[in-house]
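**Student:** Show me how the following folds:
(2 chains)
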Amino acid sequence: MDEDAGSMERIFDCGASAIVTKSIGLKPHKGYQNPTVIQLEYGILNALGLPNPGIDNFKNEIIKLNKLNIPVIGSIFGSDYKEFVELAERMQIYGVDALELNMSCPHAKGYGLELGCNPDLVKKITSQVKKTTKIPVFVKISPNLENLIEVAKSAEDGNADGIVAINTVKAMKIDLELKIPVLSNKIGGYSGNAIKPIGIRCVYEISKNVDIPIIGVGGITTGEDAIEYLMAGASAVQVGSGIYYRGLDVFKKICDEIEIWMKEHGYNNLLEIIGVAHK
Amino acid sequence: MNYPKILHIIETKKETSDIKTIMFEYSEDTTPGQFFMIWIPRVDEIPMSVSYISKKVKGITFKRVGEATDALFELKEGDKIGIRGPYGNGFKIDGKTILFVAGGTGIAMITPTVEKAIDKNISTKVIIGAKNKDELFFETRLKKYGAEVYVSTDDGSKGYKGVTTDLAKQIITNNKFDLILTCGPELMMKKLFDISQNIPFQASLERYMKCGFGICGQCCVGKGLRVCTEGPVFDKKMLKDIEDFGFYKRDATGQKIKF
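**Tutor:** This next block holds a predicted model:
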């Protein structure tokens, strides 16, 4: 629900404070053949393969959202720092409020995680984007990393304004009747309830080791899930698969539930909760 | 669960040289206008409207138009396919007299809808249109069930010579309808929408789909209306607000393609 202005407007009306766009590249890209998205017992598995209309075509969507005063975080992906810089500059010109660098897509050859596992590249890309833009830059990182903390630190060293953690978890589903992987790309990324403990752990570890804010994401469907991420050290949260589990108004529901939880537990300010699990 | 159930094809039937029906045992409650995601293993997964509905058996009827439908066309009785769904809302059948207008493979979806209307003792007039007589199907099935069928072909090889909307205009002028239901090429449906006057109207839209269960956003039209979830059938009030209707669709990349 992040590919065109109409969808993002609807999500905004459902209570989201800001919208992260589909990850946009320089050229239109079809992504993988279906099946690309399936539901499993405890989560959703996808390998869309970064389908997107390309920055030229996406321009008008951002301009439309801008006119409506909807805060937009432009997600971009490239194969090297030059591509990231060009996309970032253009996103900024078209009017996004912040940038999210996708260095964590687990199923696209030559993009995403293939760059995002290399701390030097993460630092280089982030610092180059920061040099050429004025808006906040967030780096979205993957849970599929041995060197998670090193990568998070390299984003911080590159002057990122924040870290988004986590992207989907690399996974596969084999159909027993057909004896083949269901997704056409075979390997995909797992999201939904099942990955929440993984996200919590990553945010906790990152928060212990970097000083920039963290946006927590992964398996959030309720206000309590969001609170847990805040306790682990996140300052904000993102919701994706929750749209399926609780409907489009999941955003409003989560905000309401956070308020109720705070009231019940005697909190007036969310700042009192952020990182509390570290104390 | 939005996971494909693997089934054997129990029957296939050639409707025309390029149009085929595939039947499978699938007992999920299904309403005319709803669709399944059909997985052709190792090839693709595509949305397909239901064309036959009984308690235990469902069917789909399709034309070969590309890699996925070509592969589906070659499948035989006993071959395996994956099915998930049904998805979407289906037609709301209401009133005493209904005009159905189907163009091309839209006939596949309209036919079980007509049958349901007849079951409810609704008076039905059905226009089925195609480029030529070789692309027409389900005419006998509709007549046998008791529908009043009008045929149009672009080349005049059968029935009215011309486009379905011209024939529809005549029929609308000379009759009273409580509802118009349509499925077919979007420009045809848009034209019909424009000439439908004050008659309630529902049209089934077709868009490229990925998840089918309302999360990926690929099939969204207007202000975030998901064809797979809020659609594929939209009524007049919704269609008025969908700026895409009759103008453009989005391909697999998300680029807008004009009709």
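**Student:** Look up the closest residue to A:Lys27, ignoring the ones flanking it.
**Tutor:** Leaving aside its sequence neighbours, A:Lys27 sits nearest to A:Gly54 (C-beta to C-beta, 6 or more residues apart in numbering or on different chains; 4.8 Å). Glycine gets a C-beta too; all of them are placed from N, C-alpha and C.
**Student:** contacting residues for that neighbour?
**Tutor:** A:24-29, B:253, B:255 (C-beta atoms under 8 Å, 6 or more residues apart in numbering or on different chains).
**Student:** Show the contacting residues for A:Lys186.
**Tutor:** Neighbour list for A:Lys186: A:47, A:172 [criterion: C-beta under 8 Å, 6+ apart].
**Student:** 6 Å - rerun?
**Tutor:** By C-beta atoms under 6 Å, 6 or more residues apart in numbering or on different chains, the contact set of A:Lys186 is empty.
**Student:** Give me the distance between it and A:Val37.
**Tutor:** As judged by C-beta to C-beta, to the nearest Å, A:Lys186 and A:Val37 stand 14 Å apart.
**Student:** for B:Lys96, same thing?
**Tutor:** Taking C-beta to C-beta, one finds B:Lys96 at 42 Å from A:Val37.
**Student:** Give me the more crowded residue out of the two.
**Tutor:** The neighbour comparison of B:Lys96 against A:Val37 (other C-beta atoms under 10 Å in any protein chain shown) goes to A:Val37, with 25 against 12.
**Student:** Beta-bridge partners for the more buried one, please?
**Tutor:** Counting by DSSP bridges, A:Val37 is bridged to A:Asn46.
**Student:** Surely it is in contact with A:Gly49?
**Tutor:** No: between A:Val37 and A:Gly49 there is no contact under C-beta atoms under 6 Å: 11.2 Å.
**Student:** How many residues are close by the residue of the stretch 1-150 of chain A at minimum distance from chain B?
**Tutor:** Residue nearest to chain B within the stretch 1-150 of chain A: A:Arg10 (2.9 Å; C-beta to the nearest C-beta). Applying other C-beta under 10 Å, we find 20 residues neighbouring A:Arg10.
**Student:** and it, what element?
**Tutor:** helix A:5-13 (DSSP states H and E).
**Student:** Going along the chain, name the helices of chain B.
**Tutor:** For chain B, the helices defined by DSSP state H cover B:67-74, B:106-119, B:139-145, B:164-174, B:186-195, B:236-241.
**Student:** So which residues make contact with the last one?
**Tutor:** Outside helix B:236-241, the residues that touch it by C-beta under 6 Å, 6+ apart are B:201, B:222, B:245.
**Student:** Look at the second one and say how many residues are nearby.
**Tutor:** Under the neighbour criterion other C-beta under 10 Å, B:Gly222 is assigned a count of 21.
**Student:** how close does it get to chain A?
**Tutor:** Computed as C-beta to the nearest C-beta, to the nearest Å, the B:Gly222 to chain A distance reads 6 Å.
**Student:** can you tell me the helix or strand for A:Gly216?
**Tutor:** strand A:214-217.
**Student:** partners of that strand in the sheet?
**Tutor:** Here strand A:214-217 is paired, per DSSP bridges, with strand A:162-165 (parallel), strand A:236-238 (parallel).
**Student:** elements contacting the very next helix or strand once past the helix holding A:Arg10?
**Tutor:** Following helix A:5-13 in sequence order, the next helix or strand is strand A:19-20 (DSSP H and E). The contact analysis (3 or more C-beta pairs under 6 Å, 6 or more residues apart in numbering or on different chains; DSSP states H and E) places strand A:19-20 against strand A:72-76.
**Student:** Identify all contacting residues around the strand it packs on.
**Tutor:** With C-beta under 6 Å, 6+ apart, strand A:72-76 has contacts from A:18-21, A:23-24, A:65, A:87, A:91, A:96-100, A:102.
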